[in-house]
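Novice: got a sequence here, can you model it:
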Amino acid sequence: MTVPVVVRDRDGHPVGSLHQEDFQLFDKGKAQVITKFSIETSGSAAPKAPDAAVHDAVAHDQNANPAEPAKPILPSRYVAYLFDDVHSKVGDLLQGRQAANRQLEHSLDANSRVGIFTTSGRTTQDFTSDAEKLHAAINRIQPWERGLDNQTDCPTISYYLADFLINQSQSLSPGLSDAQVQSFMATDRLLAAVIQEAEACLQTTQLQQVLPQVRTAAQLALSVGKTETFTGLSVLQGLIRSMSSLPGSRSIVMVSPGFLLATEQRVFENDIFEKAIHANVTINTLDVRGVATIPGMDASQRGYQGASAAVMMQAESDAASAAQDLLGELAAGTGGTFFHNDNAISEGLDELAARPAYVYVLGFSPDNLKFDGSYHGLKVTLKNGATLRVAARRGYWAPNHSISPAEEAKEEIQDAVFSREEMLDIPVKLHTEFFKQSEFKAELTVETRIDLKGLKFRKADDRNRDTLTVVTGLFDENGRYIKGTERTLDLQLRDQTMETARSSGLALKESFDVAPGRYVVRVVVRDSEGRSMAAQNQGVEIP
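Specialist: Next up, the predicted model:
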């Protein structure tokens, strides 16, 4: 189990001078032994370019003329901007767009890819380093046209009010008679305030005319609110799922005013936490409203007309607080940062989207882990860090069953394929070449040569036995997985054959049909007997 940790001083500056013995890690309140410790920096965390002495890439065109080896590398950082165009008001969304455009001007680098997404799903730009495409996508984002109109609806009932009146206080729940609703008005201040608002805008005090209008407005607000929340959470869940296969660090910056979750939607929220933690995706959230304004003073709304305006304004304030709570929960539940109550939106995006200068990676094996699928809260503290702030992963879900050796090996290989790091436990050399079959089609060949001297064989029945798993993956220049192959080699070599193989090595070839472009080949080799691995990248550019 790995736990990334970022430490900052009281002024928010990153701290990179700590050591393993400075940290304490707790799982469900129980102290754990930190078995692994490393420090990643914004410079060293970037993947290393292939060493020309180890990786020899030879490109051939139609006339078999050699070209200079291309050295594109896998991006090391992915940032997804998720704009909540469903719940954001026009002014807030415009401010968020302007801040994102400014932030992109100085955040893109060769190892970063940025994507633009919206909770409505109407505007999408997949991960790219093309600033022009990103700016164009941001500028296309417009507020979602809701089914409710705060200027003309009578009465104006929010999702928060509708959920409270129908599901919590049940003062407007289906099946109640007019007389029962009237009796609720004596004790339910919110219901009484809503009725008074309806009387003011309908210009009548006849309850037989007012109550049907109130019921209809509340049911519509509840239906629209649930749909909008479900839409936003579904997009967020899908984004996490798609990012799980990307190499390097993965984070989401959600720009939103927040929104309300009904009780039955909490299960959906927990599922998002689980998927984000398992996929190592951090959700950072920014309250695009900035510093809270006085409720009821929004020019985009008609304003309250009844005698109970103060009650309605308090309900609006409570709704805003509940919406902000959700943003805090999304960040805290995935080890992210919540930026709120601050009008410095551009600076907030800088803080949330920037790669930390120093990241401490703590590793531990949970004591007596039960395979019950339960949630384990994690806490990381410093032994002598009263003036420092620690941001770390908040928890994880235990597996529902013990992982077999085969499952463990499969997970190790999959993690290695979609990682950016190179591993050299087994000596491996890569050689790539391509042949252009036409202007739009080429055959890319990848040869992997494995030095058997680096393997640990098991002697049985006069044979030297080992099992190798070799995965060859092909990624585009933005780190998106395209295709791959997997081979399992069951080696059973006699001593004489073994000596020959040790001298020459073991060579494998894989071929891919591709279009011209820039690619990264990643080869992962796992030795089952020695439980060692190799992982290397090779860049290829086909003109």
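
Novice: point me to the residue sitting closest to the centre of this protein.
Specialist: Nearest to the geometric centre of the chain sits V281, at 3.5 Å (CA atoms, centre = their mean).

Novice: mind listing what that one touches?
Specialist: I240, M243, S244, R250, S251, I252, K275, T334 (CB atoms under 8 Å, 6 or more residues apart in numbering). C-beta coordinates here come from the backbone N, C-alpha and C atoms, glycine included.

Novice: secondary structure element for the last one?
Specialist: In other words, T334. In the assignment (DSSP states H and E), T334 maps to no helix and no strand.

Novice: what about the helices in the chain?
Specialist: 90-107, 131-140, 159-163, 178-185, 189-202, 207-243, 266-278, 309-332, 345-353, 405-417, 495-504 (DSSP state H).

Novice: of those, which is nearest R394?
Specialist: Closest to R394 of these, according to CB to CB: helix 309-332, at 5.9 Å.

Novice: domains of the chain?
Specialist: When the chain is parsed with automatic domain parsing, its domains come out as 2-44+355-397, 77-147+222-353, 159-221, 405-542.

Novice: just for the chain, where's the confidence low?
Specialist: Of all residues in the chain, those with pLDDT under 70 make up the ranges 42-74, 146-152, 292-307, 355, 401, 403, 420.

Novice: quick one: furthest residue from the center of it?
Specialist: Q206 (52.4 Å).

Novice: for that one, give me phi and psi.
Specialist: Torsion angles at Q206 (phi, psi; degrees, to the nearest 10) stand at phi -80, psi 110.

Novice: same question, K456
Specialist: phi -110, psi 110.

Novice: wait, isn't it in contact with L491?
Specialist: No. Assessed by CB atoms under 8 Å, K456 is found out of contact with L491, at 11.4 Å.

Novice: overlap of the contact sets of these two?
Specialist: Joint contacts of K456 and L491 (CB under 8 Å, 6+ apart) are D466.

Novice: these two: which is more packed in?
Specialist: The neighbour count for K456 versus L491, taken as other CB atoms under 10 Å, is higher for L491 (20 against 12).

Novice: just give the nearest non-adjacent residue to Q265, would you?
Specialist: Excluding the flanking residues, the one nearest Q265 by CB to CB, 6 or more residues apart in numbering is T229, at 6.0 Å.

Novice: what about S158, how many neighbours?
Specialist: Per other CB under 10 Å, the neighbour tally for S158 reads 19.

Novice: ok, S38 next?
Specialist: Neighbours of S38 using other CB under 10 Å come to 11.

Novice: run through the bridge partners of it.
Specialist: V361 (DSSP bridges).

Novice: that one reaches Y358, doesn't it?
Specialist: No. S38 is not in contact with Y358 according to CB under 8 Å; the separation is 11.0 Å.

Novice: sorry, back to before: do you know how far the residue farthest from the centre of the chain is from P155?
Specialist: 15 Å (CB to CB, to the nearest Å).

Novice: check contacts around the residue nearest to Q265.
Specialist: Counting by CB under 8 Å, 6+ apart, T229 has contacts Y159, F259, L260, L261, A262, Q265.

Novice: and if you look at K509?
Specialist: K509 makes contact with T445, V446, E447, T448, according to CB under 8 Å, 6+ apart.

Novice: can you name the residues bridging to it?
Specialist: Under DSSP bridges, the beta-bridge partners of K509 are E447.

Novice: again with R250
Specialist: Y78, V281.

Novice: quick one, what contacts it?
Specialist: Counting by CB under 8 Å, 6+ apart, R250 touches Y78, A80, M243, S244, A279, N280, V281, T282.

Novice: quick one, which of those are buried?
Specialist: Y78, A80, M243, A279, N280, V281, T282 (16 or more other CB atoms under 10 Å).

Novice: as CSV, the residues you listed with distance to P366 would be great.
Specialist: Formatted as CSV, the buried ones among the contacts of R250 follow (distance: CB to CB, whole Å):
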residue, distance to P366
Y78, 28
A80, 30
M243, 26
A279, 19
N280, 17
V281, 21
T282, 21
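
Novice: so which of those residues comes closest to A535?
Specialist: For the buried ones among the contacts of R250, the residue nearest A535 by CB to CB is N280; the value is 16.9 Å.

Novice: pull the contacting residues for the closest one.
Specialist: S244, S249, R250 are the contacts of N280 under CB under 8 Å, 6+ apart.

Novice: for the first one, which non-adjacent residue is spatially closest?
Specialist: Pointing back at S244 there. For S244, the closest residue by CB to CB, 6+ apart turns out to be A279, at 3.6 Å.

Novice: shouldn't that neighbour be in contact with G238?
Specialist: No. A279 lies out of contact with G238 (CB under 8 Å); the separation is 12.0 Å.

Novice: and which of the contacts of T229 is nearest F23?
Specialist: L261 (33.9 Å).

Novice: L369 and F37: what is the separation?
Specialist: Between L369 and F37 the computed distance is 21 Å (CB to CB).

Novice: with H340 instead?
Specialist: From H340 to F37 the distance is 32 Å (CB to CB).

Novice: what residues does stretch 17-34 touch?
Specialist: For stretch 17-34, contacts defined as CB under 8 Å, 6+ apart pick out 3, 5, 7, 37, 360, 362-367, 376-385.

Novice: in strands, which of these fall?
Specialist: 3, 5, 7, 37, 360, 362-363, 376-382 (DSSP state E).

Novice: ok, what's across the strand from the nearest residue to I277 once chain neighbours are set aside?
Specialist: In space, I277 comes closest to Y396 once its chain neighbours are excluded; the distance is 5.6 Å by CB to CB, 6+ apart. Beta bridges link Y396 to H376, judged by DSSP bridges.

Novice: residues touching Y396, list them.
Specialist: M1, I277, H278, Y375, H376, L378 are the contacts of Y396 under CB under 8 Å, 6+ apart.

Novice: 10 Å instead?
Specialist: 1-3, 27, 273-274, 277-278, 366, 375-378 (CB atoms under 10 Å, 6 or more residues apart in numbering).

Novice: quick check on the residues you listed: which are buried?
Specialist: M1, V3, D27, F273, E274, I277, H376, L378.

Novice: how much space is there between the last one and L18?
Specialist: Note on L378: its distance to L18, by CB to CB, is 18 Å.

Novice: which of the buried ones among the contacts of R250 sits closest to E499?
Specialist: Distance to E499, by CB to CB, is smallest for N280 among these, at 43.3 Å.

Novice: could you measure from the closest one over to P4?
Specialist: Going from N280 to P4 by CB to CB gives 8 Å.

Novice: which neighbours do those two have in common?
Specialist: Common neighbours of N280 and P4 (CB under 10 Å, 6+ apart) are S249, G335, R393.

Novice: I'd like those as CSV, with neighbour count and distance to L108 appended.
Specialist: Shown next, in CSV, are these (neighbours: other CB atoms under 10 Å; distance: CB to CB, whole Å):
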residue, neighbour count, distance to L108
S249, 22, 15
G335, 25, 24
R393, 21, 27
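
Novice: need those residues in JSON lines with distance to S404, can you?
Specialist: Converted to JSON lines, the shared contacts of N280 and P4 look like this (distance: CB to CB, whole Å):
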{"residue": "S249", "distance to S404": "30"}
{"residue": "G335", "distance to S404": "29"}
{"residue": "R393", "distance to S404": "26"}
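
Novice: now, which of those residues sits nearest E105?
Specialist: Once CB to CB is applied, the member of those that ends up nearest E105 is S249, at 21.1 Å.

Novice: for that closest one, give me its contacts.
Specialist: For S249, the contacting residues are 4, 40, 45, 75-79, 111-112, 280-282, 355-356, 359, 420, by CB under 10 Å, 6+ apart.

Novice: about what we covered before: spatially, which two of the contacts of V281 are the most separated?
Specialist: Between any two of these (CB to CB), the greatest distance is 14.5 Å, for S251 and K275.
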